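K.L.:
Return atomic coordinates for the entry below.
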Amino acid sequence: MVLLGPLAGIMMALQTVSVGLVIGILLYKRKSAVKIITAAVATAIITKILVILALFSAGGIVFPDVNQMVEQGMSMYQQFGMLDSLAAQGFSEVDVQLMLESMTSMMLTFLPGMLVAGSAIGAVINYWVTIMVLKKLRIKVPRLPAFTTWHLPANAVWGLIVAWALWLSADYIQVEWLSIIGKNIMLLYGIALVINGLSVVGHYMGFKNMSNGMKVMSVFFFFFFFTGVILVTFI
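P.N.:
Here you go, the predicted model:
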């Protein structure tokens, strides 16, 4: 609260406390690691959504203005001489402005999905840190299945179908918020499919049985060909 302000502090505290309580209760009841992580992620997402809705209702969050953000971006480009550099490459000031408008609109459209994904990642980190501390204290903890065995359940495809239907139907009935919901659900499914794809690739490559040198080379390959790897794992 001191560093980020009272609203941000309360928001972070509510999420941390709720996820911590869920992880602690399920560990006490000796549930499996998969169930604990699933419950922690679900709790983090639900808490994030409820907190954001509450802040919107109380006026604690003001939706950013696209035009203002574009103007600030253009001012920054001008200040650092990036407009001149782009002009030398054949991009006019109008082209740069249109590009910034497109990027800003896309970022704001997918902002809810990114916030939800961030909450899920935070919950997983919370669980991982908890397990590391308990191991140091020599307390028995549930074992997490190997990453190469992770997979989405077959019925998860229905959520993807629903999200796709919302996205497509929004164009016909002209409901913008419906399109935003569909796109954000698609974004979350995309992240889940990439993780699932990495699990499949790791299984067939035998990543667990690789030497340390091959593991390092594989990680370097992943980062240098990030876009290609993401597309392959997504498919």
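
K.L.:
Measure how far the longest helix along the chain is from the centre of its chain, please.
P.N.:
For the chain, the longest helix by residue count, based on DSSP state H, is helix 176-205. What separates the centre of helix 176-205 from the centre of its chain is 10 Å, taken as CA atoms, centre = their mean, to the nearest Å.

K.L.:
same question for it, mean pLDDT?
P.N.:
The average of the pLDDT scores along helix 176-205 is 80.

K.L.:
Just want the angle from the next helix or strand after it to helix 176-205.
P.N.:
Counting by DSSP states H and E, the next helix or strand C-terminal to helix 176-205 is helix 212-224. With axes from the mean of the first three to the mean of the last three CA atoms, to 10 degrees as the criterion, the two stretches helix 212-224 and helix 176-205 enclose an angle of 150 degrees.

K.L.:
Send over helix 212-224 as PDB, restricted to the C-alpha atoms.
P.N.:
These are the backbone C-alpha positions of helix 212-224, laid out as PDB (Å, rounded to 0.1, in the frame of the first residue of the first chain):
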ATOM      1  CA  ASN A 212      22.700 -30.700 -19.400                       C
ATOM      2  CA  GLY A 213      24.300 -29.400 -22.500                       C
ATOM      3  CA  MET A 214      21.400 -30.400 -24.700                       C
ATOM      4  CA  LYS A 215      19.000 -28.900 -22.300                       C
ATOM      5  CA  VAL A 216      20.800 -25.500 -22.500                       C
ATOM      6  CA  MET A 217      20.900 -25.700 -26.300                       C
ATOM      7  CA  SER A 218      17.100 -26.500 -26.400                       C
ATOM      8  CA  VAL A 219      16.400 -23.500 -24.200                       C
ATOM      9  CA  PHE A 220      18.500 -21.200 -26.400                       C
ATOM     10  CA  PHE A 221      16.700 -22.600 -29.500                       C
ATOM     11  CA  PHE A 222      13.400 -21.800 -27.900                       C
ATOM     12  CA  PHE A 223      14.300 -18.200 -27.200                       C
ATOM     13  CA  PHE A 224      16.000 -17.600 -30.600                       C
END
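
K.L.:
Thanks again, I'm all set now.
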